[in-house]
Each structure stands twice: as structure tokens, then as C-alpha cells.
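[1] Just the structure for this:
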Amino acid sequence: MGYVREKLMITTERLVLRLFQTTDAAAVAKLCNNYNLYKNTLYLAYPYSLNDALSWMEHHYDNFIADKNYELAITDKESGELFGAIVLSNNKHFNHGEIAYWIGESYWGKGYATEAAEAIIQFAFEEKKLHKVFARYFPTNPASGKVMEKLGMKKEGILKEHVIKDRKYLDLVLYGIINEKDE
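    Here you go, the predicted structure:
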């Protein structure tokens, strides 16, 4: 994994994870304006507009500078094409972070979420020295759980009727991984 602090750019075998730019807004809106993506994510709106993308990106850089959240575009290393997004929160008080990710539907099943999440967990443990990284997913989205298992995360439990989506209470499955190098 390559890492450039000034720009917060992380490179993997096939991907570059980088800060979003306003020029990404149209691609974000196109990928996110998708019901199948919406139903599997906690915070995405549907329908999803260009303005939604722009307002979502508005505080990314400030969050990065404040060491609070790292919201990164998942892009193709060769072409620069946008595949999705990955976010790592940084809770300094508890020394842990949550990861969340989405991949545009036309790019599902190619391992991009796993590759990006592996890199962001490595960043969390090696660069940020976090003790733990956790993630949550809807039981109706088992593919996300498979990603978490591939990352070595362990199922910690189910948060019963933990969130409201489409006026219904939904469960969230919770996975976590501890930084083994953390003394």
C-alpha cells in the first residue's frame, strides 16, 4: 500500500483512494442515483442529485484536516474512473473508527470494496494507530458482510431495530477488528 499524507492518497494493486474533488460530483450523482445502492446504505438519499453530491463533499477536506473523517473516492489506478467511496471515521476519545463504503452497481462483484477496505484498515492501524475498526451493515445486504469477513473482521452482534429507513426500524449487523500490534 502506498500512502501520501499531504493529499491523503492511498494506492493499492488496482485502486487509488483519494479525496473527492468537485469534478467528481456528476459521477457520484450518477452512481448514487440507484435504488439498489440506496436500499443497502444507511445515509444515501434517493433520488440522488448533483446537489446531494456537492453538499456531501463540502466538508470532506475540513474533516480530513481536523483528523475526524477520511472520505475517499475509490478510483481505478489506470483510468481514474470512479467506482465508489470509502469512509473511515476517527474517534480519538475511544481510539476507534468506523468504516463504511459503497460501490456503484455496475462495479459490484469485482472485489473493489474489499481491496479499498483492506487499505483503509491498514491506514487506520498503521498511520492513525487506532485500536479498533468496526463496520455495520443491513442483514438484507450479505455481500457487505462477506467483505467484512474477508477483511478478518469478526461478527460482534446484531443491533436490533437500531435505525429507521423508509419509516421502518431495521437491524444492523456489527463487525469489528482489533489492531493486534496495539499494545
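[2] which other helices and strands contact the helix or strand containing residue 171?
    Assigning secondary structure by DSSP states H and E places residue 171 in strand 168-178. Contacts defined by 3 or more CB pairs under 8 Å, 6 or more residues apart in numbering; DSSP states H and E place strand 168-178 against strand 132-137, helix 142-150, strand 154-165. All C-beta atoms are positioned from the backbone trio N, CA, C, and that covers glycine.
[3] Can I get those in a markdown table including mean pLDDT, mean neighbour count and distance to residue 107?
    Formatted as a markdown table, the helices and strands packed on strand 168-178 follow (pLDDT from 0 to 100; neighbours: other CB atoms under 10 Å; distance: least, CB to CB, whole Å):
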| stretch | mean pLDDT | mean neighbour count | distance to residue 107 |
| --- | --- | --- | --- |
| strand 132-137 | 98 | 21 | 18 |
| helix 142-150 | 96 | 17 | 12 |
| strand 154-165 | 97 | 12 | 23 |
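[4] between the ones you listed, which one is nearest to residue 36?
    Nearest to residue 36 among the helices and strands packed on strand 168-178 is helix 142-150 (11.1 Å), distances taken as CB to CB.
[5] now the angle between strand 168-178 and that closest one, please.
    For helix 142-150 against strand 168-178, the angle by axes from the mean of the first three to the mean of the last three CA atoms, to 10 degrees is 10 degrees.
[6] Which neighbouring elements make contact with helix 142-150?
    helix 112-122, strand 132-137, strand 168-178.
[7] before we move on, the earlier item: need the CA coordinates for the strand holding residue 171. PDB is fine.
    What follows is strand 168-178, C-alpha atoms only, in PDB (Å, rounded to 0.1, in the frame of the first residue of the first chain):
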ATOM      1  CA  LYS A 168     -39.200   1.100   9.300                       C
ATOM      2  CA  TYR A 169     -36.900   0.000  12.100                       C
ATOM      3  CA  LEU A 170     -34.100  -2.100  10.800                       C
ATOM      4  CA  ASP A 171     -31.400  -4.200  12.400                       C
ATOM      5  CA  LEU A 172     -27.700  -3.600  11.800                       C
ATOM      6  CA  VAL A 173     -25.100  -6.400  12.000                       C
ATOM      7  CA  LEU A 174     -21.900  -5.200  13.700                       C
ATOM      8  CA  TYR A 175     -18.400  -6.400  12.800                       C
ATOM      9  CA  GLY A 176     -15.100  -5.400  14.300                       C
ATOM     10  CA  ILE A 177     -11.400  -5.900  14.200                       C
ATOM     11  CA  ILE A 178      -8.800  -5.100  16.800                       C
END
